[in-house]
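Enquirer: no FASTA, just this:
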């Protein structure tokens, strides 16, 4: 078989109080959810204020008034052309966020981390279509053979592509919630910005899925946080990025998690030495930002079916052969 001629393209749109999701945007994405409904502009404005306040809290040195920095966000959308030699059709693949840090004291604009939030039609397909069908009527939960292998191979191909290298100087860091199915243990390791490191008893399904994307995971609870965050990265998380770059990711993703996982990230008591996150936890506070979690779960299924119809079925043989070559 000849290797398929995959090509990738990248588009950006600013995430601000005027943001409106494009037709091709995954509407289950964190940022897209906030930009819907009657309170969309208030949602967006409050979210950005939360991010900026948290950034200045963490970047407190030479910042006496707590207003030195602001964070700007771009939504980065990647599309793939599976058969570039014979077709110009592009399919939506994934979306990331990139931070830009504005230092008001110096007037500098500093490029932040790309990644942060991560959304993918193909991941919706894997978790909401494949996994659900595989475990239907099964007494014991299992994963199919090579679960996530295609998604992982496509992600690694994207990160190594010319399109990615032309836009970004560093590899992505993705920051997600810890798993409610795992137990985490506080260590003695502490970073000035990332905070206290936790380690888990065993990898979660999400950890393993991101491992197939070439990403390792570490868990840190930043200063004044109440729960650790999961950081997925390649390379060295602590050495590859500056403190300000890391703060940009922490402030952005901790804000999103307070909105979407308030039971964990807006709890009224901080995680202890041994920590088991729970979405059934009742002692937590709500933000003033509207979010419909049930709708998001339903839409994930619909968008997984979209990926199956427009990506998996038309190119199944080609994708399976290419993926087998990648993992062999």
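Expert: Received the coordinates, thanks. As the structure is a computational prediction, the values presented were derived from the model and not from experiment.
Enquirer: C-terminal to the least confident helix or strand in the chain by mean pLDDT, what's the next element?
Expert: One helix or strand of the chain scores below all others by mean pLDDT, DSSP states H and E: helix 30-34, with a mean of 62. Next along the chain after helix 30-34, taking DSSP states H and E as the criterion, comes helix 40-58.
Enquirer: and that following helix, what's buried?
Expert: By 16 or more other CB atoms under 10 Å, the buried positions in helix 40-58 come out as 40, 43-44, 46-48, 50-52, 54-56, 58. The C-beta positions use only the backbone N, C-alpha and C, and glycine is treated the same way.
Enquirer: what is it packed up against?
Expert: Counting contacts by 3 or more CB pairs under 8 Å, 6 or more residues apart in numbering; DSSP states H and E, helix 40-58 packs against helix 30-34, strand 69-81, helix 243-260.
Enquirer: just send those back as TSV, with distance to residue 237 too.
Expert: As requested, the helices and strands packed on helix 40-58 are exported to TSV (distance: least, CB to CB, whole Å):
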stretch	distance to residue 237
helix 30-34	21
strand 69-81	19
helix 243-260	8
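Enquirer: those: which one's closest to residue 12?
Expert: Ranking the helices and strands packed on helix 40-58 by proximity to residue 12 (CB to CB) places strand 69-81 first, at 4.7 Å.
Enquirer: pull the contacting residues for residue 182.
Expert: Neighbouring residues of residue 182 by CB atoms under 8 Å, 6 or more residues apart in numbering: 200-204, 276-277.
Enquirer: if you set the cut-off to 7 Å instead, what comes out?
Expert: Contacts of residue 182 were listed using CB atoms under 7 Å, 6 or more residues apart in numbering, and they are 200-202, 204.
Enquirer: just confirm residue 9 is within a strand.
Expert: Yes - under DSSP: H, G, I helix; E, B strand; the rest coil, residue 9 sits within a strand.
Enquirer: does the closest residue to it other than its chain neighbours have beta-bridge partners, and which?
Expert: Closest residue to residue 9 apart from its sequence neighbours, by CB to CB, 6 or more residues apart in numbering: residue 79 at 5.0 Å. For residue 79, the beta-bridge assignment (DSSP bridges) gives partners residue 9, residue 92.
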